[in-house]
Structures are given as C-alpha cells and as structure tokens.
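A.B. asks: The following block contains a protein sequence and its predicted model.
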Amino acid sequence: MKLNINGKSKVLLGTRKSDGVKIWLTKPSWDCDWYWSFGYLGNKDEHYHLSGYADGRNIHIRDALLEDYNLSKSLKDDDNLWLFCELMLTAYTLNESVAVIGRGGSHCTRNHLSELIKNEDEVTRINEIVLPAIFNKLSEIFE
C-alpha cells in the first residue's frame, strides 16, 4: 500500500479565496496503533479538519470547497473533485463505523447489545484493507 501522496506528507488543496493563503491536505496516518488520522487541512499557521467542513451552510462539501478555494490542479477537474468528496466522506463514515463496531456501541452508556455489535474481524478489514484502499485512491487524484 502506498498510503502517501506522491511521497509527500501533504498536498496542496488550494488557495483560499478570501485571503490567498495556501491550504494543504496532510496525508493519512495510522496513529497509536489503533486509529486513522486524516482530513487535516492547514499550513504552518493554522490547522482545521475537512470533516464537517460545510457544516452550518446547508451545502455539500464539494460546493463549500468550490466556494472557498481556488482548488489545486488535481481538484479542478470536476470528476476528480466529486471522487475526492465521495472518498473522503466514505472514509469518515467508515472510521465512525469502526469506532462503533470496535467498542460495541456509541459510548454514551453501557450498550446491552454490545456483544452483538462488536466485530473485531470487520474492524480489522476496514482498518487494514478498506481505508488503505480509499487512501491509495485519494493519492491517485493528486498524482
């Protein structure tokens, strides 16, 4: 698995329209031997997350990105932008699914069906096969 973006630790997402500042997307990483970190945006002066990026605006993440950024060459292609959004949103959903099926619930209180919900084989499959495949496909967009 490549799990990198052209061998770099980050790639240019785009230039923010409001102030011309370049914003970078950091490559995914497997952290603390139990979870994936991904979707980090920013530069040397700021850090924020792609997850929930369009929250509060009642628009799709694709439209929020187009509204806020002069996107990089890789994302100017509309098919690539749609694929980027699809893969990122899928990765976020799968990451949350791994949390639920790994611990057996949503972690509000004791879940009486936790043993039914838990599935370590599926956690392993998603973390070791599915998410890396998504991240590799994302890296292809930026090649």
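C.D. replies: Cool, the structure landed. Numbers count the residues shown, from 1 in each chain.
A.B. asks: Only C-alpha atoms from now on, for both contacts and neighbour counts.
C.D. replies: Noted.
A.B. asks: Tell me which other helices or strands the single longest helix found in the chain touches.
C.D. replies: Assignment by DSSP state H gives helix 78-103 as the longest helix of the chain. Applying 3 or more C-alpha pairs under 8 Å, 6 or more residues apart in numbering; DSSP states H and E, one finds that helix 78-103 makes contact with helix 61-68, helix 73-76, helix 114-117, helix 120-125, helix 131-141.
A.B. asks: where does the chain dip in pLDDT?
C.D. replies: Of all residues in the chain, those with pLDDT under 70 make up the ranges 1-7.
A.B. asks: Give me the phi and psi for the residue in the chain sticking out farthest from the centre.
C.D. replies: Most distant residue from the mean C-alpha position of the chain: His112, 30.9 Å away (C-alpha atoms, centre = their mean). Note on His112: its backbone torsions stand at phi -70, psi -10 [degrees, to the nearest 10].
A.B. asks: Roughly how far does it sit from Ser51?
C.D. replies: According to C-alpha to C-alpha, to the nearest Å, His112 and Ser51 sit 30 Å apart.
A.B. asks: about what we covered before: relative to the whole chain's centre, how far out is the longest helix of the chain?
C.D. replies: 6 Å (C-alpha atoms, centre = their mean, to the nearest Å).
A.B. asks: With stretch 53-64 instead?
C.D. replies: 15 Å.
A.B. asks: Buried ones in that stretch, by neighbour count?
C.D. replies: Ile61, Arg62 (16 or more other C-alpha atoms under 10 Å).
A.B. asks: Start and end of that stretch, how far apart?
C.D. replies: So stretch 53-64: terminal residues 8 Å apart, C-alpha to C-alpha.
A.B. asks: need the contact list for Asp121.
C.D. replies: Asp121 makes contact with no residue, according to C-alpha atoms under 8 Å, 6 or more residues apart in numbering.
A.B. asks: Return the distance of it relative to Lys10.
C.D. replies: On the measure of C-alpha to C-alpha, Asp121 and Lys10 end up 31 Å apart.
A.B. asks: same thing with Asn119?
C.D. replies: Counting by C-alpha to C-alpha, the gap from Asn119 to Lys10 is 33 Å.
A.B. asks: Which residue of these two possesses the greater neighbour count?
C.D. replies: Lys10 (19 against 16; other C-alpha atoms under 10 Å).
A.B. asks: Nice, that's everything, thank you.
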